[in-house]
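J.: sequence plus the predicted model coming up.
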Amino acid sequence: MKAKMICAVVTAFILTGCDKPKEEPPVENKTAEAICNTKESMPGGWTRSEVTPEVQKAMDLVLKGMKKPAKLKKIISVHSQVVSGVNYALEYQLENGTVWSAIVYRNLNGQYSITQTAIAGLFCDH
């Protein structure tokens, strides 16, 4: 009887914890530092980029992947990194005024995937 009660309490505790929304982990400082430190352009490093059709496709993927429907107000900044394909670090603002950042990878076949889901805040101080 005690074992059943303990199991019920533990199960209730675990299920209650599942209802809480997960907070997104902060961007690793090393990643943000690498993205934002564009003073020293080195091969394979991050560089500031313009909004291109490829960047817009990456942005569309991020918006589709957000948990709540979101409308883009503006892209604040774009950094890119050429690897075997391209990484795009996107900083953007939604119509509700919130600011977010995400990283998207485009492989050599032109397929896009989110490598860092959207998190509140910027990679770089502007």
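T.: Received the coordinates, thanks. These numbers were taken from a predicted model, which means no experiment stands behind them.

J.: could you point out where the chain is predicted with low confidence?
T.: Counting by pLDDT under 70, the chain contains low-confidence residues at 1-29, 38-41, 126.

J.: what residues of stretch 44-53 count as buried?
T.: Applying a neighbour-count criterion of 16 or more other C-beta atoms under 10 Å, one finds 46, 49 buried in stretch 44-53. Just so you know, the C-beta spots here come from the backbone N, C-alpha and C atoms, and that holds for glycine as well.

J.: how about the helices of this protein, start to end?
T.: For the chain, the helices defined by DSSP state H cover 2-19, 29-36, 53-65.

J.: hmm, residue 89 and residue 123 touching each other?
T.: Yes. Using C-beta atoms under 8 Å, residue 123 is in contact with residue 89, at 5.8 Å.

J.: run me through the strand neighbours of the strand ranked longest in the chain, direction for each.
T.: What stands out as the longest strand in the chain, according to DSSP state E, is strand 72-83. Here strand 72-83 is paired, per DSSP bridges, with strand 46-49 (antiparallel), strand 85-94 (antiparallel).

J.: which positions in it come out as buried?
T.: 75, 76, 77, 78, 79, 80, 81.

J.: check stretch 89-102 too.
T.: Those would be 89, 90, 91, 92, 94, 100, 101, 102, for stretch 89-102 by 16+ other C-beta under 10 Å.

J.: correct me, but the last one touches residue 90?
T.: Translated: residue 102. Yes. Counting by C-beta under 8 Å, residue 90 is a contact partner of residue 102 at 5.3 Å.

J.: pull up the overlap in contacts between the two.
T.: residue 62 (C-beta atoms under 8 Å, 6 or more residues apart in numbering).

J.: before we move on, the earlier item: mind listing the shared neighbours of residue 123 and residue 89?
T.: Common neighbours of residue 123 and residue 89 (C-beta under 8 Å, 6+ apart) are 35, 79, 101.

J.: spatially nearest residue to residue 75 (excluding sequence neighbours)?
T.: residue 92 (4.8 Å; C-beta to C-beta, 6 or more residues apart in numbering).
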